[in-house]
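Asks: sequence below, structure please.
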Amino acid sequence: MLRIAITDDNEALRQNISDRLRKDFQIVYEASSAKSLLRWLKSNEAQDHPQIILMDIEMDDMNGIEATRLAKEVNPSIRIIMLTVFEDEEKILNAIKAGADGYLIKDEKRDRIIECIHDVHDGGSYLSPTVASKAMKYLQKSYIPENAAPGNPLSKREQEILELVIDGNTYHEIAARLFISMGTVKSHIYHIYEKLQVKNKIEAAKKASGNKWI
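Replies: From the prediction side, this is the model:
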């Protein structure tokens, strides 16, 4: 059973998330502040750390973006999902720059949160569909490539899958839509990131859209 921690200074929301996930995951720690989480991580061995942290963005003592950066310094193997009510484009990008592996809205359905946790644990990245749409539009408006590459390195299938990923579709949804397996989807995404020399969906969207490859 995957080990997770939940950090949120709103006790009612934190308890709600905990109750929704307790049957599927081992909740090893619940923190009411980012500083409490960081103290706990530093005082425990890496083998006892959570594999996934659900991290609120807006907290009084330290925001979740800074906490994400510091938590990754303590243990780079921890995967962090921002769980918040905010869909602000700048916060989304700053969270990803700080090392966040996923970004979910707090009122997401339980099944989607669970899917996100498993996808992120398996090495993927995940954005809520509404978040992905906002981030994509923001990048399309703000990014002008300095040197557009002469050719598109992606196959037609890879372009199709990347567009579906950017639109917020889950791996499961892409597999069902294209009549391929989840493993095939993940393999395509791995090769897309490798070809584009990027690490996540936002970087892939930025490079591919900026060069007009999608």
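Asks: for the chain, give me the ranges with low pLDDT.
Replies: 86-88, 130, 132-150 (pLDDT under 70).
Asks: hmm, I53 and M82 touching each other?
Replies: No - counting by C-beta atoms under 8 Å, M82 sits too far from I53 to count as a contact (9.6 Å). Placement of C-beta: from N, CA and C, glycine included.
Asks: could you chop this protein up by domain?
Replies: Following automatic domain parsing, one finds the domains of the chain at 3-132, 143-210.
Asks: list residues touching both of M82 and I53?
Replies: Shared contacts of M82 and I53 (C-beta atoms under 8 Å, 6 or more residues apart in numbering): none.
Asks: hmm, back to that, most neighbours per residue, which of the domains of the chain?
Replies: The highest mean neighbour count among the domains of the chain, using mean count of other C-beta atoms under 10 Å, belongs to domain 3-132: a mean of 18.
Asks: how far off centre is it?
Replies: Domain 3-132 sits 9 Å away from the centroid of its parent chain (C-alpha atoms, centre = their mean, to the nearest Å).
Asks: surely E30 touches D19?
Replies: No - taking contacts as C-beta under 8 Å, E30 lies outside contact range of D19: 11.2 Å.
Asks: show me where this structure has helices.
Replies: Assigned by DSSP state H, the helices in the chain fall at 11-21, 34-42, 64-74, 89-97, 110-121, 129-142, 156-166, 171-178, 182-196, 201-210.
Asks: could those helices go into a markdown table alongside distance to L104?
Replies: As requested, the helices of the chain are exported to a markdown table (distance: least, C-beta to C-beta, whole Å):
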| stretch | distance to L104 |
| --- | --- |
| helix 11-21 | 10 |
| helix 34-42 | 18 |
| helix 64-74 | 12 |
| helix 89-97 | 11 |
| helix 110-121 | 6 |
| helix 129-142 | 8 |
| helix 156-166 | 16 |
| helix 171-178 | 15 |
| helix 182-196 | 19 |
| helix 201-210 | 14 |
